[in-house]
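*Asks:* Here is a sequence together with a model predicted from it:
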Amino acid sequence: MINKLVIENLKHRPVRTFLSMVAIGIEVTMVLTLVGLSYGMLEESARRARGVGADIIIRPPGSSALTLSNAPMPEKLLEYFGKLPHVKIVTGTVVHPLVFPESVTGIDLATFSSMSGGFNYLSGGPFQAADDLIVDEHYARQGKLKVGQQIKLINRTWRVCGIVESGKLARLFVQLPVLQELESNQGKLSQIYLQADNETETQSIIAGLKGTPALKEYGIYSTSELVSMFSVNNLPGLKAFIWVIIGLGIVIGFLVVFLSMYTAVLERTREIGVLKAIGASPSYILNILLRETAVLAFFGSIVGIGLSFVSRWLIMTLVPASLQQKVMPEWWLICMGISLVGALLGTLYPAWKAATQDAIDALAYD
Amino acid sequence: MPDTPNIIEVRDLRKVYRVGEVDVHALRGANLDVPRGEFLAVVGPSGSGKSTLFHILGGLAAPTSGSIVMDGQDLRSLTDEGRTELRKKTVGFVFQKYNLLPTLSARDNIEIARSIAHRSGPQEEWFKDALKLLGLDSRLDHKPRALSGGEQQRVAIARAIVNHPAILLADEPTGNLDTKNSDAVLNLLRQLNKQIGQTILMITHNPEAAQFADRTVHMRDGQIVEAPPKE
């Protein structure tokens, strides 16, 4: 019977119930979207790192594994690495950051293609002139770019010569010497990629490199090691960001439900008096309001999970190159918990007020 | 079952309210005996203490002093939890404003009183008879807003007696009804009293309503007087 009363109470004020659920839904969507973006972008980075086809990645001295750097490594290292035993292919890149999270990568198309298996051109083809630019499918869709179209980047006008399937290192590619010249970093590289003649030799090559005194300060990683670093746990800032989002979610849930239940309790003062008159205890009144809140939080979470697919569709449609949102089913229950905690906190005061209301005053309320 | 034939025994009942910095003496030593199965009307003008007596007898308020024994229970010793139990099992309320829960159907308004009293299963035969007497059979699935005032008050009566309380307390039960519906409700209370032996204590300011009762007592200045006060 108490459940029937709870459902009828919620049905009695459909607009308030709907708005409360939507507001809780937005809270859940916010958490799912931002967490999905964090994981999605990390996984996309890992996928593209794997797409290079390298077994070993070498980064300049003093740089971290996960941040972009300009180009302080001498290009002549390529020749040195290429002569090492069991190293099959060597290629180097230069990365020029644009507005986050975008960047332009300078590549030597021949060695890069040899290592990665080559681009799959969806339209157009390889570089033909110095100002040629290759873009991946997502960047092309986001910027509505077609082959032959001109685009201005780094104070220079480029011609899109090819649109390629995504998944290989970056979204924007230009020729290595052109970008080096633009950065006034001729003969320098940001990253060097090594492919072993046999994957099982990776660790022995790394051991040899790390044992070379001249390379002591360099970041030398196996691709699998680097990719494993693309996780939330390795980015303390991101972890803190997720906690902040969860905190905000709880605060939003608290405020929404507090306002909703506070008005509900005020509006139902007389009904609470009636329930008390027919023998309802304070815990019974509390029980009604907590159940109403739980129903709001549950269905609000369902709405939020649905809305997170809408936000994902919008992101994938409008900015597929800049942002990637992962569907996070493992976070659905967590989000339900977050919305429930926020909602229950928001209900505590109104419910306490209702439970302790004087029955005579409540019955006299108009 | 208690030995005394009286279901309500009130002795020297006093209630003092604090309103701002002023003490208001709502009850000033009221005494009352109500035998089991009686239909008693308590008549008096506004401010005479009727409502305060109603609230104390119903366990909605605690007395300041005096004794009340109701169906064998001494109300002075009751805690808040005890008064909640009293409202659940020993008394049923009928209010002037019906006070049905607007979100529930008539049937569910009755059922929730059973649910609060932890009663489940099919309704007892005597209650089914009472429902027939109240003439609610065809209106039980309607919500209060679809019922007339008279129908709402009949649902409120059904809700008040569903747990078979020892005492039915009715506070101006016809105050919001026209003459025809008032007579119908009062006749129903009378029939419930006679047919199922329900003890009823009805508070009213209307002497005509009081005529439906077995006995009438009057209240004046917080005290109960058997005879009508002289003008």
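*Replies:* Ah, there it is.

*Asks:* residues touching the closest residue to chain A within chain B, list them.
*Replies:* Relative to chain A, the nearest point of chain B is B:Lys88 (2.8 Å; Cβ to the nearest Cβ). Placement of C-beta: from N, CA and C, glycine included. B:Lys88 makes contact with A:278-279, B:116-117, B:163, according to Cβ atoms under 8 Å, 6 or more residues apart in numbering or on different chains.

*Asks:* What helix or strand is it located in?
*Replies:* Assessed by DSSP states H and E, B:Lys88 sits inside helix B:80-89.

*Asks:* Please name the nearest non-neighbouring residue to B:Val16.
*Replies:* Excluding the flanking residues, the one nearest B:Val16 by Cβ to Cβ, 6 or more residues apart in numbering or on different chains is B:Thr64, at 4.7 Å.

*Asks:* now what about stretch A:173-183, what contacts it?
*Replies:* Contacts of stretch A:173-183 (Cβ under 8 Å, 6+ apart): A:70-71, A:92-94, A:96, A:104-109, A:127, A:130-135, A:154, A:156, A:158, A:186-188.

*Asks:* Could you rerun that using 6 Å?
*Replies:* Residues from elsewhere that reach stretch A:173-183, judged by Cβ atoms under 6 Å, 6 or more residues apart in numbering or on different chains: A:94, A:96, A:104-108, A:127, A:130, A:133-134, A:154, A:186.

*Asks:* Which member of those is positioned nearest A:Glu267?
*Replies:* A:Glu267 lies nearest to A:Val104 out of the contacts of stretch A:173-183, by Cβ to Cβ, at 59.6 Å.

*Asks:* For burial, what's the neighbour tally of the closest residue to chain B within chain A?
*Replies:* Residue nearest to chain B within chain A: A:Gly279 (2.8 Å; Cβ to the nearest Cβ). The local packing of A:Gly279 (other Cβ atoms under 10 Å in any protein chain shown) involves 25 other residues.

*Asks:* Same check on A:Thr269?
*Replies:* Look at A:Thr269: counted by other Cβ under 10 Å, it has 18 neighbours.

*Asks:* Quick check: the gap between the closest residue to it other than its chain neighbours and A:Thr17.
*Replies:* Of all residues not flanking A:Thr269 in the chain, A:Tyr365 sits nearest, at 4.2 Å (Cβ to Cβ, 6+ apart). When distance is defined by Cβ to Cβ, to the nearest Å, A:Tyr365 is 22 Å away from A:Thr17.

*Asks:* got it, and A:Arg50?
*Replies:* From A:Arg50 to A:Thr17 the distance is 47 Å (Cβ to Cβ).

*Asks:* A:Thr317 now?
*Replies:* On the measure of Cβ to Cβ, A:Thr317 and A:Thr17 end up 31 Å apart.

*Asks:* Compare the two (neighbour count), which wins?
*Replies:* More crowded of A:Thr317 and A:Thr17, by other Cβ under 10 Å: A:Thr17, with 20 against 10.

*Asks:* what's the helix or strand for that one?
*Replies:* Using DSSP H and E, A:Thr17 maps to helix A:14-51.
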